[in-house]
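1. what's the 3D shape of this:
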Amino acid sequence: MNENKDLSTPNTRAGFVATLGRPNAGKSTLLNYLVGENLALVSHKANATRKQLQVIVSYAPLQAQIIFVDTPGIHHKEKLLNQYMLSQALKAMGDCDLALYLAPVNDEVKYYEEFLNLSEGLPHLLLLTKIDTCTKEQLLQKIAQYRVYDKHFLSLLPISVKKGFDREHILQQIVAHLPQSPFLYDEELLTPATLKEIYKEMIRESLFENLSDEIPYEADVLMKSFEEGAKIDRIYAHIIVEKQSQKAVVIGKGGATIKRIGICAREKMCRFGNKAIFLKLDVEVYKGWSKQKDVLKKIGYDFI
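-> Prediction:
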């Protein structure tokens with residue numbers, strides 16, 4: 001959307017901060033809360049995020065710019081798409097200056113141990129999430145379990161996005177561990193992702209919100225055409241599924257379901273772009289698409 005801009009100002013800090021954790025740990029929800037915009041795909045279903053998304057927070061009080069990198073959940077499955085998702089999380093670990101590891105309060109500590117084995121000494125803040133789902137006594141017990149690993153994390157911060165938390169405190173903790181650097185992006189930029197990429201994610205989010213069970217996991221979005229205008233943006237996209245039976249479900253009786261998905265996606269796009277949206281959705285069957293590298297590349301998964 002905008003090009004990188006060198007803003008060489010003394011005494012500023014800037015760096016990349018990866019949000020990491022298991023599927024459904026609350027990474028995208030946290031990110032949207034911190035930036036104040038719904039940019040990252042949020043779903044109560046696990047594995048909604050499939051590739052990295054960078055979201056920028058310019059924090060004026062401490063003259064800092066934080067480039068958050070939202071990542072897929074850390075998990076191990078055999079499908080090529082799942083392997084790609086894990087590679088995105090691992091790449092973020094290797095490229096970032098700091099990580100936020102999100103551990104839901106009801107998760108077993110063994111998952112954090114697995115992260116420590118993967119991350120190889122990566123500096124990180126440990127965020128104990130979803131603390132609204134437990135009692136004070138249970139929270140204290142869980143904190144005690146993680147204190148065994150206190151030589152590995154920089155800080156342990158219990159939070160609940162649902163109940164709200166001290167956003168300023170989290171940002172200050174992050175900035176304290178970023179390198180001194182000029183800002184890496186224009187201060188007005190929210191994400192280096194293109195508008196086309198953001199719209200695609202909004203369509204995919206609408207799939208998760210309007211389809212139940214396993215279908216969203218076997219569906220994705222192929223942007224066929226995108227025309228950005230001063231007053232209206234025009235998007236033509238295919239929802240791709242793996243089976244003919246799934247196509248029927250996505251379309252729905254008399255086209256009701258795909259119409260609902262389209263309305264939901266358009267509303268998100270209108271709010272974000274503050275302009276009119278024309279959206280045309282079709283459904284296509286790509287048998288076994290999540291296991292085929294050529295199809296995954298076509299959709300936008302950048303295998304090396």
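
2. surely E218 and S290 touch.
-> Yes - at 6.8 Å, E218 counts as touching S290 under the criterion of CB atoms under 8 Å. Glycine gets a C-beta too; all of them are placed from N, C-alpha and C.

3. what do the two both touch?
-> Common neighbours of E218 and S290 (criterion: CB atoms under 8 Å, 6 or more residues apart in numbering): E242.

4. show me the shaky parts of the stretch 1-150 of the chain.
-> Where the stretch 1-150 of the chain drops to pLDDT under 70, the residues are 1-10, 37-52, 72-93.

5. now the strands for the stretch 1-150 of the chain?
-> For the stretch 1-150 of the chain, strands defined by DSSP state E, counting those that start in this stretch occupy the ranges 13-21, 53-59, 64-70, 98-104, 124-129.

6. so which of the ones you listed comes closest to G229?
-> Among those, strand 53-59 comes nearest to G229, with 24.5 Å by CB to CB.

7. could you give the angle of the closest one to strand 13-21?
-> With axes from the mean of the first three to the mean of the last three CA atoms, to 10 degrees defining the directions, strand 53-59 sits at 130 degrees from strand 13-21.

8. which of the strands of the stretch 1-150 of the chain sits closest to H169?
-> Using CB to CB, the strands of the stretch 1-150 of the chain put strand 124-129 closest to H169, at 11.1 Å.

9. ok, the closest residue to W289 other than its chain neighbours to T191 distance?
-> The spatially closest residue to W289, leaving aside those adjacent along the chain, is V295, at 4.5 Å (CB to CB, 6 or more residues apart in numbering). As judged by CB to CB, to the nearest Å, V295 and T191 stand 26 Å apart.

10. so between those two, which is more surrounded?
-> More crowded of V295 and T191, by other CB atoms under 10 Å: T191, with 22 against 19.

11. just the pLDDT for the more buried one.
-> What the model reports for T191 is a pLDDT of 81.

12. dihedrals phi and psi, it?
-> As for T191, its main-chain torsions (degrees, to the nearest 10) stand at phi -160, psi 140.

13. residues near R234, how many?
-> 14.

14. the one 5 residues further on now?
-> Other residues within reach of I239 by the criterion other CB under 10 Å amount to 24.

15. helix, strand, or coil at it?
-> strand (DSSP: H, G, I helix; E, B strand; the rest coil).

16. that one and H124, how far apart?
-> On the measure of CB to CB, I239 and H124 end up 36 Å apart.

17. next: E168.
-> E168 sits 20 Å away from H124 when distances are taken as CB to CB.

18. more neighbours: those two, which one.
-> H124 (23 against 11).

19. alright, calling it a day.
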